[in-house]
Structure formats: structure tokens, C-alpha cells
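[1] next comes the sequence, and after it the predicted model I'd like to discuss.
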Amino acid sequence: MSSAYHSEGILLDPTSTQLRSLFASLIKYVPATIPENREHFVGMMESGIFPVAVIEYDEPLLERLHGLKSTGMILPQIIVLLDRCDVEDAVRIMQLGADDLIFRPIDNRRIISHLTQAFRPAHNLLLRRREDRQKRERLEQHHQWTGARNEMTQRNEERLMDSLFYHLKTGLNQGKGPAVLVGLVQVIEQLPREDDGSVKLDREFLTLLDENARATEHFLGMVDQVSETLSSQPKYEPCSVRKVGDLLGESVDHIQEKAAIRGHMIVYDADLNDRPGSVELDRRLIASCFEEALLNALRFSPPESFVSVIVQTMASTSSAPACMKISFLNTAMAYEGITGIPESAERQVFEPFFRVHKTVDERYGTLDQGLGLFYMRSILRRMSGECRLNNVRGHIDGTRDYVILEMTLPAR
């Protein structure tokens with residue numbers, strides 16, 4: 001996708017004579033491009049060149065654009081021109097992917113006001129990309145004498161920062177939460193006022209507003225929880241291998257209610273009573289890691305399948321120190337042509353806000369915005385541990401794919 005945004009241009013629906021007429025008088029303020037036809041119009045939206053598109057209300061077109069957005073494609077800010085409508089229709093249009101609504105009759109002042117609001121996020125993105133480009137240019141000069149190792153490190157940091165904001169935007173625009181809440185507020189601002197300045201909202205709209213406000217509060221609470229946990233000092237204490245197994249068993253018991261949501265069965269049977277060794281860890285934090293690993297397996301495995309929890313203690317060798325290895329194994333689920341974890345994403349899954357599957361299952365109430373694995377690995381590394389996630393092929397029939405999340409903790 002091109003990153004060369006037109007800093008002032010917009011894309012206009014070629015089927016609307018009113019838009020053509022309106023923007024003919026605004027061309028000196030806001031340059032506009034009008035494609036030859038609808039197919040050309042959609043193709044130019046997919047190109048990522050234009051920051052804002054203005055369209056005449058057309059439900060099939062909105063459904064088509066909504067389908068493109070659901071694949072993770074970044075489209076322009078979409079402004080829809082339409083006649084006055086009731087609250088239910090306005091909510092439905094916003095849910096189809098409209099970022100703003102303009103009700104007829106319209107004039108130059110109102111259209112410029114709406115465009116100014118729409119250009120703001122696009123302008124911020126343009127500034128950030130310019131800053132990133134300037135930063136890369138400075139770093140390239142620096143890399144000429146810092147050596148290959150520093151060069152690789154800086155490139156990885158750039159890739160992480162570039163992907164971070166993209167993954168964050170994608171996550172916030174899916175499921176209930178901030179993006180829908182902002183859209184609902186924009187709908188309220190567009191509704192006709194009573195004589196006393198009030199706006200009438202029906203019960204269904206208020207329920208939708210409440211659900212998204214609560215989802216936003218939940219998301220912010222989770223981000224705050226992650227921030228507080230990662231900035232606090234862990235309370236390390238020695239914990240026997242048997243006790244770690246007990247903590248894992250308690251986490252399995254605690255998750256059973258969530259496992260019943262889609263009929264999963266968690267299989268955990270570890271006899272660690274006679275296993276020697278101990279691990280230095282924070283019991284509260286390691287329990288949260290166990291639960292996040294279990295929830296991750298439940299969310300991304302087929303209904304009524306098994307999630308197996310396997311515990312191993314590994315003696316020290318000449319090449320590796322002693323450790324405790326905990327594996328969470330689940331049947332891989334296919335989604336949009338992707339089965340399990342693609343090899344190319346095995347490292348990315350631990351980046352904040354990255355998700356392989358772009359759906360949000362709000363029934364699990366977990367870090368479903370792509371924070372769970374990042375949170376888990378950060379905690380494990382503070383305990384000198386590590387984790388990895390990848391696909392494995394079952395050895396029994398050689399055809400079924402599984403996903404395995406493996407944690408290791410150093411043992412003494």
C-alpha cells in the first residue's frame with residue numbers, strides 16, 4: 001500500500017451530481033479527485049493514497065467497504081451524504097463503516113467543518129510518516145559507521161514502531177469499544193435538537209452507547225493493569241516445582257467456567273510431588289501468565305476441542321541450564337485461510353497490539369486487543385524465563401495441526 005498521501009486532496013463519489021456541484025465551488029480550498037466510475041472509485045480507495053472520501057449514501061457500497069475494512073485494510077475517512085434519518089438508521093450506517101454523516105441541506109461552511117475534522121487523523125498520520133522517514137534517513141547515516149549489529153537493532157525497533165500504531169488502530173476499530181463509541185457520539189452531534197436544545201435517544205441507542213462505554217472502560221482498565229504490573233517491582237520468592245504445579249492447577253480450575261463457553265475440555269494431570277528443584281518467581285504474576293495462556297488457547301481453538309497442559313522438568317546439560325517447561329497445546333483453528341500461527345508471525349505475536357486473527361470474542365473478558373502474549377512474555381522475562389508460540393504437526397496421524405505455547409522458567 002502506498003504511503004504517499006495527498007496532503008489536501010479528497011476522493012469524491014462519481015455518481016453524485018450534488019457533490020460535483022458542491023465541490024466545484026470549493027476546489028480552490030480543497031482539491032478533489034472524481035474517478036470515472038464506481039469501480040475506479042473503490043480501487044482508488046483501496047490504494048491508500050487519499051485520506052478522505054465523500055460518498056452519496058449507498059448501502060451496497062458501504063457493505064462492500066465494510067468488508068474491505070474487516071480484512072484489516074486501511075481505508076480513507078468515509079463521510080456519507082444523506083437525507084435526514086432516524087437514530088436507528090444513523091447507527092446502522094455508522095456500524096457499516098461510515099466515519100461521519102452529513103445531512104442535507106448542506107452548505108460550504110458545514111462541509112468545510114466536516115472535512116477539517118476528517119483531515120485531522122489523516123494529517124497526523126502524514127506528519128508521523130514524515131517524521132519516521134526523516135528519522136530513518138538520520139539513522140541510515142548513523143548506520144554507516146555503527147556496524148551491522150546496531151543497524152539490525154535499529155531496523156527492528158523501526159519495524160516495531162511502524163507496526164505498533166497500525167496494530168493498535170486495527171484493534172481499536174474491531175468489536176465494541178472506543179471506535180464505535182466515538183461514532184455514536186458523532187451521530188448524537190448530528191441529530192436534530194428539540195426546542196430546549198435536547199436530543200431524543202431511544203432505549204436501544206442508549207443500550208448500545210452504554211455497552212461501548214463499558215467496553216472502552218474495560219479496555220482502558222486492562223491497559224492500566226498491564227502498565228502497572230510491568231512498572232512495579234515483582235515479589236520474588238523461591239517456589240518448589242510441586243508448588244508451581246499447584247499454582248498451575250489452580251489456574252486451570254479458575255478458567256473452567258470460561259472453558260465451558262464453547263465446550264472446551266482442559267486436560268491437566270501432572271504428578272510433581274517427587275520432582276526436585278525450585279523456581280524464583282512472583283506467584284501472583286505467574287498465575288496471571290498461566291490464565292492468559294489458557295484463555296489464548298481457548299479463544300483460538302475449535303469448539304468442543306481439548307486444551308492440553310504439559311509440565312516437564314529438564315535437568316541441566318552442557319548446553320542448557322536446568323529449567324521447568326510448561327506447554328499449552330490446542331488444535332489449530334483456520335480463519336480467513338490462516339491455520340494456527342503462520343511461521344512469519346511467530347515473533348510478531350509477542351508485539352503489543354498484534355493479532356493474527358482479527359476477531360474479538362468479548363465473552364472471555366481478557367486482553368483481546370493483542371496485549372496478552374506481550375504481557376505474558378514481559379513477565380516471564382523479568383523472571384529470567386522465556387516463551388514461544390508455533391504450529392506443530394500431530395505425530396499420531398500426521399495431518400492435524402496444533403498450536404503450542406511453551407513457557408520455560410529457570411530451575412535450581
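    Good, I have the coordinates.

[2] and the helices in the stretch 101-250 of the chain?
    Taking DSSP state H, counting those that start in this stretch, the helices of the stretch 101-250 of the chain run over residues 108-146, 148-172, 178-190, 203-231, 241-259.

[3] and the protein, what are its domains?
    10-174, 237-410 (automatic domain parsing).

[4] rewinding a little: would you single out the least confident of the helices of the stretch 101-250 of the chain?
    In terms of average pLDDT, helix 148-172 trails the rest of the helices of the stretch 101-250 of the chain, at a mean of 52.

[5] any idea of the angle the helix or strand harbouring Ala90 forms with helix 178-190?
    Taking DSSP states H and E as the criterion, Ala90 maps to helix 87-95. With axes from the mean of the first three to the mean of the last three CA atoms, to 10 degrees applied, the angle from helix 87-95 to helix 178-190 works out at 140 degrees.

[6] helix 87-95 packs against which elements?
    strand 100-103, helix 178-190, helix 203-231 (3 or more CB pairs under 8 Å, 6 or more residues apart in numbering; DSSP states H and E). Yep, even glycine has a C-beta here, placed from its N, CA and C like the rest.

[7] can I get it in CSV, CA atoms only?
    Extracted in CSV, the C-alpha atoms of helix 87-95 (Å, rounded to 0.1, in the frame of the first residue of the first chain):
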residue,chain,number,x,y,z
VAL,A,87,-31.5,7.2,15.1
GLU,A,88,-31.7,3.5,14.2
ASP,A,89,-30.7,4.2,10.6
ALA,A,90,-27.9,6.5,11.6
VAL,A,91,-26.5,3.9,14.0
ARG,A,92,-26.7,1.2,11.3
ILE,A,93,-24.9,3.4,8.8
MET,A,94,-22.1,4.1,11.3
GLN,A,95,-21.8,0.4,12.0
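
[8] and Ala215, which of the domains of the chain is closest to it?
    With CB to CB as the criterion, Ala215 lies closest to domain 237-410 of those, at 7.1 Å.

[9] kindly check the end-to-end length of that closest one for me.
    Domain 237-410 has its terminal residues 13 Å apart, counting by CA to CA, to the nearest Å.

[10] then stretch 392-410?
    From its first residue to its last, stretch 392-410 covers 24 Å (CA to CA).

[11] same check on stretch 231-240?
    Start-to-end span of stretch 231-240 (CA to CA) is 26 Å.

[12] ok, and what's touching that stretch?
    247, 277-285, 379, 382-383 (CB atoms under 8 Å, 6 or more residues apart in numbering).

[13] and what of stretch 405-412?
    For stretch 405-412, contacts defined as CB under 8 Å, 6+ apart pick out 241, 244, 277-281, 286, 289, 293, 296-297, 313-314, 321-328, 376, 380, 383-389.

[14] same thing but at 6 Å, please
    Stretch 405-412 is contacted from outside by 277-279, 293, 321-328, 384-389, using CB atoms under 6 Å, 6 or more residues apart in numbering.

[15] just those residues: which are in helices?
    Residues of the contacts of stretch 405-412 located in helices (DSSP state H): Ala293.

[16] can you tell me the SS state at Ala53?
    At Ala53 the chain is in strand, as set by DSSP: H, G, I helix; E, B strand; the rest coil.

[17] and it, what are its bridge partners?
    Ala53 forms beta bridges with Leu11, Ile78, as assigned by DSSP bridges.

[18] can you verify my assumption that it contacts Leu12?
    No: the criterion here is CB atoms under 6 Å, and Ala53 misses it with Leu12 at 7.6 Å.

[19] can you tell me the element the closest residue to Phe374 other than its chain neighbours falls in?
    Among residues not flanking Phe374 along the chain, Pro352 sits closest, at 4.5 Å (CB to CB, 6 or more residues apart in numbering). Using DSSP H and E, Pro352 falls within no helix or strand.

[20] residues near Pro352, how many?
    When neighbours are counted by other CB atoms under 10 Å, Pro352 registers 19.

[21] that one reaches Leu373, doesn't it?
    No: using CB under 6 Å, Pro352 is not in contact with Leu373; the gap is 9.2 Å.

[22] show me how to select, in ChimeraX, the buried members of the contacts of stretch 405-412.
    Filtering the contacts of stretch 405-412 down to the buried ones (16 or more other CB atoms under 10 Å) takes a single ChimeraX command:
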select :277,278,279,293,323,324,326,327,328,385,387,389
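
[23] inside strands: which ones of the contacts of stretch 405-412?
    278-279, 323-328, 386-389 (DSSP state E).

[24] which of these lies at the shortest distance from Gln186?
    Leu389 (38.3 Å).

[25] for that closest one, what are its contacts?
    Residues near Leu389 by CB under 6 Å, 6+ apart: 341, 349, 405.

[26] list the contacts for Cys289?
    Residues in contact with Cys289 (CB under 6 Å, 6+ apart) are 376, 379.

[27] now with 10 Å, please.
    Cys289 makes contact with 248, 251, 281-282, 326, 372, 375-380, 383, 385, 387, 407, 409, according to CB atoms under 10 Å, 6 or more residues apart in numbering.

[28] quick one: distance of the helix or strand harbouring Thr408 to the chain centre.
    Using DSSP H and E, Thr408 sits within strand 401-410. Distance of strand 401-410 from the chain centroid (CA atoms, centre = their mean, to the nearest Å) equals 23 Å.
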